[in-house]
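A.B. asks: sequence and predicted structure, then a few things I'm wondering about:
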Amino acid sequence: MTVSPTSATVGISQGYSFSAIGKNSVGTIVTVSPTWSVEGGIGTISTTGLFTAGGTVGSGNVIATVNATSGGTLTGSAAVTLTDKGWLTGTISDTNGGVDQGITVYLAQQPVLQALSDSKGKYTIADIPAGTYSAVIDTNSGIQSSAISKEVTISQGATFTWSPVLIVPTTVTTPTTSPF
């Protein structure tokens, strides 16, 4: 049995879904109804694979294992890291309705915490200590002439979503008139 994903980082008091796929001895996928359990005492897991993290980390990150068992012969597991750090995530789009790739988003107070938007305009900054920050879009993108920023409050182990829309400059052409 394979548990997916094989590892996950989960914020305190947050939920995360795991799934399990069973295969027989020749590798054919078989239907399984796993029994879920957690080793390490950092959370609970439902009969559907929804892990709910505990409310405290202590010092540093805490690691546990999520297990899935079916019929006593198929087993699988995944590592879970519980963290009190947070995430800033979102999608960068523009006024033309497109998404923007390669745009840098960073926290002004901690500029090493940054991310580039991917081909779908999505970005994620991880491992952010709880606090209030100024999230900034790099204005060197050529799309927008003024900086875009937003005050964001990252709670312990939580995700804050910010999806800014960049202004695409419009070009104005001056019509020419003929003297004839």
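C.D. replies: Everything's here; your move.
A.B. asks: tell me the domain ranges of the chain?
C.D. replies: Domains of the chain are assigned by automatic domain parsing as 2-83, 86-166.
A.B. asks: any idea how far the last one is from the middle of the chain?
C.D. replies: Using CA atoms, centre = their mean, to the nearest Å, the mean C-alpha position of domain 86-166 is found 12 Å from that of the whole chain.
A.B. asks: and what of the longest one?
C.D. replies: Averaged C-alpha coordinates place domain 2-83 at 18 Å from its chain's average position (CA atoms, centre = their mean).
A.B. asks: gap between the two ends of that domain?
C.D. replies: End-to-end distance of domain 2-83: 24 Å, with CA to CA, to the nearest Å as the criterion.
A.B. asks: equivalent analysis for the shortest one, please.
C.D. replies: Using CA to CA, the span of domain 86-166 from its first residue to its last is 25 Å.
A.B. asks: for stretch 106-115, same thing?
C.D. replies: Start-to-end, stretch 106-115 (CA to CA) is 7 Å.
A.B. asks: what residues does it touch?
C.D. replies: Residues outside stretch 106-115 that contact it (CB atoms under 8 Å, 6 or more residues apart in numbering) are 88, 104-105, 123-125, 127-128, 131, 133-136, 138, 149. In short, each C-beta sits where N, CA and C put it, glycine included.
A.B. asks: from those, pick the one nearest Gly157.
C.D. replies: Ile128 (10.4 Å; CB to CB).
A.B. asks: ok, back up a step: buried ones only from the contacts of stretch 106-115, please, as a PyMOL command.
C.D. replies: Buried subset of the contacts of stretch 106-115, written as a PyMOL selection, criterion 16 or more other CB atoms under 10 Å:
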select buried, resi 88+104+105+123+125+128+133+135+136
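A.B. asks: now, the contacts of stretch 106-115 that are in strands?
C.D. replies: 88, 104-105, 123-125, 127-128, 131, 133-136, 149 (DSSP state E).
A.B. asks: and those, which is closest to Ala53?
C.D. replies: Closest to Ala53, out of all of the ones in strands among the contacts of stretch 106-115 and judged by CB to CB, is Asp127, at 16.0 Å.
A.B. asks: got the contact list for the closest one?
C.D. replies: Counting by CB under 8 Å, 6+ apart, Asp127 makes contact with Thr83, Lys85, Leu113.
A.B. asks: can you report how many residues neighbour Ile29?
C.D. replies: Residues lying near Ile29 (other CB atoms under 10 Å) number 10.
A.B. asks: any idea how far Gln101 is from it?
C.D. replies: 35 Å (CB to CB, to the nearest Å).
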